[in-house]
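Asks: Below is the sequence, then the predicted model.
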Amino acid sequence: MRFSDLIGNDALKASLVKMVESGRTPHALLFVEQEGMGAAGFAVALSQYLNCKNHVPSDFGGDSCGECPACRSHANLAWPDLHFAFPVNATASLSDADKKRPVSRLFMAEWNKLLKSNPYFSEHDLAEAIGIENKAGNISVNEAKEISDTLSMHAYDSDYKVMVIWLPEKMNMEASNKLLKLLEEPQPGTLFILVTRQIEKLLSTIVSRCQIVRLQPMEQYQLAEVLAAGFELDEADAMSYANLAAGSYGRAKELISGEESFTEADELLRSLLEEALKHSLAGVLAVSENLTGLGKEAQRRFCIYAENYIRKIFMMSENVPGISYTKRQEEDYIKSLAARIKPTFYQKIIGALDTAIAAIDGNVLAKLVFTDLCNRFYLYI
Ligand SMILES: [Zn+2]
């Protein structure tokens, strides 16, 4: 995977290349991203650039050659000094012994296939690929031991052994402490690349031992251009998806390919708004029951979809429809909502949706989250 294969974050690509050229690559990097920005892909591209024998210097574009043995091996994710650890859980296909201590090594074929086909994959995509959809993945102390064992062996073919830890926020305290020890006493020639979406959940002692690298969302017009070209969308649709995905290419891709889940969120939100506007508490609670019955990812998607949709109504109510990138076919309906909703609703309900997303991520009981959220629609509207 070359840097040029990845969409967005051009300034970051250049700075990673300069870091390698300066000879001051630290022993631990912490990539901070939002879902769908492709940080796992950036980690592979960096490992490839470090090992490419003919890499192009920054003044001439700064990328790996794509043809040398190291590049070819990275393209297949088969480079022997590039390792991955990620959240897993027991699945039916594992042996009884492995079920007791599931680790990433047991799912490497699925991981490689996913990362090669879509470096912007979501946590849900990984859960689906390895077959743990209804369980939370985590990084256990057994995994931390495997990381330690892997790094204690000599590098095969390079100056660096690269260990990519995807979502270290899924480590429990025991695993975190073990990782901290490894970061405190780095083996020469080891590069840790941690990829997080929730830096606040990491031990501060881990964060302080890493150089922080933040991936940035794409400008919406730029993302819309990429989407329009890549998915043959018209300008309004491309802008609408870019807006909904908040500058994340992976999210936009998921929204475009997953019309179904998008439709589900749309239907639920519309009935929630209508029931709340009718002041029907029973109707609002019926929607909350439906939301409670969804899977965690669909619940999260609903909240994000609702936030974006409510922003559009707000923009419409402020008479700035141009900024809201509303699809033409939904413009009239959004106008009618804007005419019926109190001006105080928007800010309060976006705050409530943020709280709901945090509660879902924190595994708060769904019934509590959605009863509270739907009640607030009823009260605030
Ligand atoms: Zn190369």
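Replies: Received the coordinates, thanks. Numbering: from 1, shown residues only.
Asks: Need phi/psi at L194.
Replies: Dihedral angles of L194 (phi, psi; degrees, to the nearest 10) stand at phi -90, psi 140.
Asks: So L16 versus the ion, what's the distance?
Replies: Applying CB to the ion, to the nearest Å, the value for L16 to the ion is 16 Å. Yep, even glycine has a C-beta here, placed from its N, CA and C like the rest.
Asks: mind listing what's buried in the helix or strand harbouring that residue?
Replies: Per DSSP states H and E, L16 falls inside helix 10-22. Residues of helix 10-22 classed as buried: L12, K13, L16, V17, M19, V20 (neighbour count, 16 or more other CB atoms under 10 Å).
Asks: again, but for stretch 334-347
Replies: Within stretch 334-347, the residues scored as buried using 16+ other CB under 10 Å are I334, L337, A338, I341, F345, Y346.
Asks: Out of those, which sit inside strands?
Replies: Taking DSSP state E as the definition of strands, the buried residues of stretch 334-347 contribute nothing to them.
Asks: And these, which is closest to G137?
Replies: Minimum separation from G137 among those (CB to CB) is found for Y346, which lies at 34.9 Å.
Asks: picking that back up, any chance of CSV for the buried residues of helix 10-22, columns pLDDT?
Replies: As requested, those are exported to CSV (pLDDT from 0 to 100):
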residue, pLDDT
L12, 95
K13, 96
L16, 96
V17, 96
M19, 96
V20, 94
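Asks: Tabulate these in TSV, adding columns for distance to S248.
Replies: Converted to TSV, the buried residues of helix 10-22 look like this (distance: CB to CB, whole Å):
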residue	distance to S248
L12	14
K13	17
L16	19
V17	23
M19	24
V20	26
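Asks: from the stretch 101-250 of the chain, which residue is nearest to the ion?
Replies: Nearest residue of the stretch 101-250 of the chain to the ion, counting by CB to the ion: S158, 12.1 Å away.
Asks: How is that residue assigned, secondary-structure-wise?
Replies: Recorded secondary structure, S158: coil (DSSP: H, G, I helix; E, B strand; the rest coil).
Asks: That one - how many residues pack around it?
Replies: Look at S158: counted by other CB atoms under 10 Å, it has 16 neighbours.
Asks: Kindly report the same for A352.
Replies: 21.
Asks: Great, nothing more from me.
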